[in-house]
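[1] Sharing a model that was predicted from the sequence below.
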Amino acid sequence: MKSRINILAITGTCLLLVAASAFACTRAVYQGPDGMIITARSMDWKEEIPANLWLFPRGMKRNGAVGPNSVTWTSKYGSVVTSAFDISSTDGMNEKGLVANLLWLAESSYPEYGPDKKGLTVAAWVQYVLDNFATVEDAVDALRSESFVVVSADIPGTDRFATLHLSISDAKGDNAIFEYIDGKLVIHHDMSYTVMTNSPVFEQQLALNAYWRQIGGLTMLPGTNRAADRFVRASFYMDAIPRTSDTRTAVASVFSVIRNASVPFGITSEEEPNISSTRWRSVSDQKNLVYYFETALTPNTLWVDLKGANFSEGSPVRKLSLTNHEIYTGNALGKFEVSEPFTFAGL
């Protein structure tokens, strides 16, 4: 039986594959010399999606928010995350340089959740990974054991079930993709898995990309906003930009790639529900622990230097409000304000 999550409005990720409210996203990883690893993602949605940035310290008591059988944990690592509707973590980086991103995948099918299993709301999937792991290898080893079930539900007000897949990358440039297909967890783990979009399933995305590699990106690239085309463009351009250890050049190059894979503001398609406007973008410098963020409706790119953040156990949770299109310049670490943590959407 599909588990019902109240107010999944919705897990702050690329979730809505319906004409009325459609998601699409792109994620790409840059692997440069001298440990220069940078992960970028775009968040696309047909309608406004309230986002805020949060700083979470070590030592936070968490639970999976799906009832008495919820998985519980205490955060080992501090993190900066982007929330959606302040009910979920959709994107972020922890103090060890591990990055997690959630994207929509229509083909997802989760295991059944019952009283004999531990559960984790899909709204906390990103946070669970950031709180508990320092590397992709650590996360893969732990999640492969399937000690809990990821729990999702119908989108509020619709009969459409919310489905996602998870990508992670670390400061060494390692990558993994987690997908639930036919109720089974499928893990793709390899440093070469640097790009992910939406449908089709990741294995088929790789096959499509292999086809376009034979053609050659300098000859022709698919130019639509569809997920498969964005995958090909992001893959080609991420490989084509200069490999450099210069932070300014590397970050600028990665921003240019994720902007190229973004959808122009105001564009949606009733015929292609995977296509919707890019609302915000993040770029995570995993070597220098700097999290960059920009939205379509503000003129500035802000950043958060995690090296200056207080993640010690017992330190307060802090929030940077972006809901009203506030404008920040440069390192916004000092603009975060003490706040009660948001509650993950759950049962």
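    Noted; the coordinates are in hand.
[2] what's the residue closest to the geometric middle of the chain?
    Nearest to the geometric centre of the chain sits residue 101, at 1.8 Å (CA atoms, centre = their mean).
[3] element containing that one, please.
    Residue 101 is part of strand 99-104, with elements assigned from DSSP states H and E.
[4] thinking the residue nearest to the centre of the chain is in contact with residue 82, fair?
    No. Counting by CB atoms under 8 Å, residue 82 is not a contact partner of residue 101; they are 9.7 Å apart. Any C-beta I mention is one placed from the backbone N, CA and C, and that applies to glycine too.
[5] Please enumerate the shared neighbours of these two.
    90, 91 (CB atoms under 8 Å, 6 or more residues apart in numbering).
[6] in its sheet, what does the strand holding residue 101 sit against?
    Strand 99-104 sits in its sheet next to strand 88-94 (antiparallel), strand 164-169 (antiparallel), going by DSSP bridges.
[7] any chance of those in CSV, with mean pLDDT, distance to residue 178 and mean neighbour count too?
    What follows is the strands paired with strand 99-104, written out as CSV (pLDDT from 0 to 100; distance: least, CB to CB, whole Å; neighbours: other CB atoms under 10 Å):
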stretch, mean pLDDT, distance to residue 178, mean neighbour count
strand 88-94, 95, 15, 29
strand 164-169, 90, 4, 27
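[8] Which one, of the ones you listed, ends up nearest to residue 335?
    strand 88-94 (17.5 Å; CB to CB).
[9] quick one: that closest one to chain centroid distance?
    6 Å (CA atoms, centre = their mean, to the nearest Å).
[10] who touches that strand?
    10-13, 39, 41, 43, 51, 54, 77-84, 99-102, 122-124, 126-127, 130-131, 134, 282, 284, 286, 289, 291, 306, 344-345.
[11] and if you look at stretch 253-264?
    Contacts for stretch 253-264 (CB under 8 Å, 6+ apart): 24, 26, 28, 30, 38, 40-42, 44, 197, 225, 230, 233-234, 237-238, 241-242, 244, 275-278, 281, 283, 292, 301.
[12] Derive a PyMOL selection command for the buried subset of those.
    Listed next is the PyMOL selection for buried residues among the contacts of stretch 253-264, using 16 or more other CB atoms under 10 Å:
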select buried, resi 24+26+28+30+38+40+41+42+44+197+225+230+233+234+237+238+241+275+276+277+278+281+283+292+301
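[13] Now render the strands paired with strand 99-104 as TSV, adding distance to residue 179.
    Output for the strands paired with strand 99-104, formatted as TSV (distance: least, CB to CB, whole Å):
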stretch	distance to residue 179
strand 88-94	17
strand 164-169	4
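[14] I'd like to know which of these is closest to residue 334.
    strand 88-94 (18.7 Å).
[15] and residue 147, which of the three is it?
    coil (DSSP: H, G, I helix; E, B strand; the rest coil).
[16] ok, it touching residue 71?
    Yes. Using CB under 8 Å as the test, residue 147 is close enough to residue 71 to be in contact (7.2 Å).
[17] Comparing the two, which shows the higher neighbour count?
    Legend: neighbour count by other CB atoms under 10 Å for residue 147 and residue 71, higher for residue 71 (19 against 11).
[18] what residues are up against the more buried one?
    Applying CB under 8 Å, 6+ apart, one finds that residue 71 lies in contact with 63, 64, 118, 119, 120, 128, 147, 148.
[19] Restricted to buried residues, select these in ChimeraX.
    Here is the ChimeraX selection string for the buried members of the contacts of residue 71, based on 16+ other CB under 10 Å:
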select :63,64,118,119,120,128,148
